[in-house]
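S.K.: Provide a 3D model corresponding to the input given below.
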Amino acid sequence: MKSIFKGILFSLLLITNVYGQDKPKTIKDSIAFFYNDLLNNLESKYLNRKEIDWDNIKAYTLKNAFEAKDFETSLKTTTKLFDTIGCNHCELFAEKDSYKSTLNTPLSQDDFSIEFLRALENETGFNFDVKLINKNIGYINMPGMLLINLSQDSLNLKTQKMYDKIVELKKKETIKGWVIDLRFNIGGNAYVMLAALYNLLGDNIVYNSVDINGAKINTNRLENGGFYSGKILKTKVNISTPPDLQIPVALIIGKMTGSAGEDIAVAFKNRKNVIFIGEKSYGFLTGNDVFELPFNTKIALTMSYIVDVNNKYREYIIPDIEVIKKDNFKDLAKDEKIIRAIAFFETVKE
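M.R.: Sure thing, here's the model as predicted:
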């Protein structure tokens, strides 16, 4: 078996040398070129990279990929790869499909209310929305957002539109408290979401990224409307009103709240006058960065754990008030989780 592995690795090295001079010419060349790049990224950046026998992983992965009839079919091997190295948060995005691990906790229809499933089916929950409830309650539906165009201008435009909608309601109405609904936030670009919520977070560290030993990799913060990952500005809004760090905020979380949705929750963990209502989140509190790969593919690659400003790591976000199901998206004022949020607002002294 070792000789087979060495043979494949030797072939890979030969193919890699060829690619230093020419582009791939055959399907097998394309597969090798792609997986060489993917595996190099994983070996150098993956959170648990030091625990992996990369020589065996490379040989095993290439053996499986080479059995595919074409390049697109070979991409299914990435699911086996992610499973084998335990990267349950990694995901590959190709032109025709996406590929991720099968290790994650499965969710069934029994985990959700009929109202939630209806909103899921007609996709209404996946639309960003800001509205007034009960004359003085601000409601923000912050869904997951997978943004393919990661240019600064594109992210700034997206962020500004959301920020402006929130501020517009704030200026128009007398808001007693804000509800941020994360039930449909399955992940995406946390930078955009958090910068859009600048009016409620202000200049603060929102979360830190740490390695497998707990050593800090990056501090992620909001400053003057901008989201900074370390020293790098990711997205920014033009501020039109001072942030309000005293107004009460209720975050509604659920079983589908994951990844960037959980990052938002972490950002509010050390803010005053905050409560978490709903159900335990999915448990994707690891940090992904997106990297370009050959042939118009990208990988969301897990590089860190997400911790709060005090460097506390949580496997899940646990609600302060647990409310199982009892959703009402047609009439939010009758939604039990929002009813509990409004009751919390009544207890906060102005």
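S.K.: what number of residues lie near residue 38?
M.R.: Residue 38 has 23 neighbouring residues, counting by other C-beta atoms under 10 Å. Every residue, glycine included, has its C-beta placed from N, CA and C.
S.K.: which one is it nearest to, not counting chain neighbours?
M.R.: Of all residues not flanking residue 38 in the chain, residue 293 sits nearest, at 5.8 Å (C-beta to C-beta, 6 or more residues apart in numbering).
S.K.: may I have the phi/psi pair for that neighbour?
M.R.: The phi and psi values for residue 293, taken as degrees, to the nearest 10, are phi -130, psi 170.
S.K.: how close does it get to residue 86?
M.R.: Computed as C-beta to C-beta, to the nearest Å, the residue 293 to residue 86 distance reads 20 Å.
S.K.: now swap in residue 307 and tell me
M.R.: From residue 307 to residue 86 the distance is 20 Å (C-beta to C-beta).
S.K.: for residue 99, pull up the helix or strand it's in.
M.R.: strand 98-100 (DSSP states H and E).
S.K.: now residue 43
M.R.: helix 27-45.
S.K.: how far off centre is that helix?
M.R.: A distance of 24 Å separates the C-alpha centroid of helix 27-45 from that of its chain, computed with C-alpha atoms, centre = their mean, to the nearest Å.
S.K.: repeat for stretch 272-283
M.R.: 16 Å.
S.K.: for the stretch 251-350 of the chain, what spans make up the strands?
M.R.: Under the criterion DSSP state E, counting those that start in this stretch, strands of the stretch 251-350 of the chain are mapped to 274-278, 286-293, 297-307, 321-322.
S.K.: columns distance to residue 48, mean neighbour count and mean pLDDT on top of the ones you listed, output as TSV?
M.R.: Converted to TSV, the strands of the stretch 251-350 of the chain look like this (distance: least, C-beta to C-beta, whole Å; neighbours: other C-beta atoms under 10 Å; pLDDT from 0 to 100):
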stretch	distance to residue 48	mean neighbour count	mean pLDDT
strand 274-278	29	23	98
strand 286-293	10	18	94
strand 297-307	8	21	97
strand 321-322	32	14	98
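S.K.: compare those strands and report which one is nearest to residue 51.
M.R.: strand 297-307 (13.0 Å; C-beta to C-beta).
S.K.: now do the closest one against strand 286-293, angle only.
M.R.: Using axes from the mean of the first three to the mean of the last three C-alpha atoms, to 10 degrees, one finds that strand 297-307 and strand 286-293 are set 160 degrees apart in direction.
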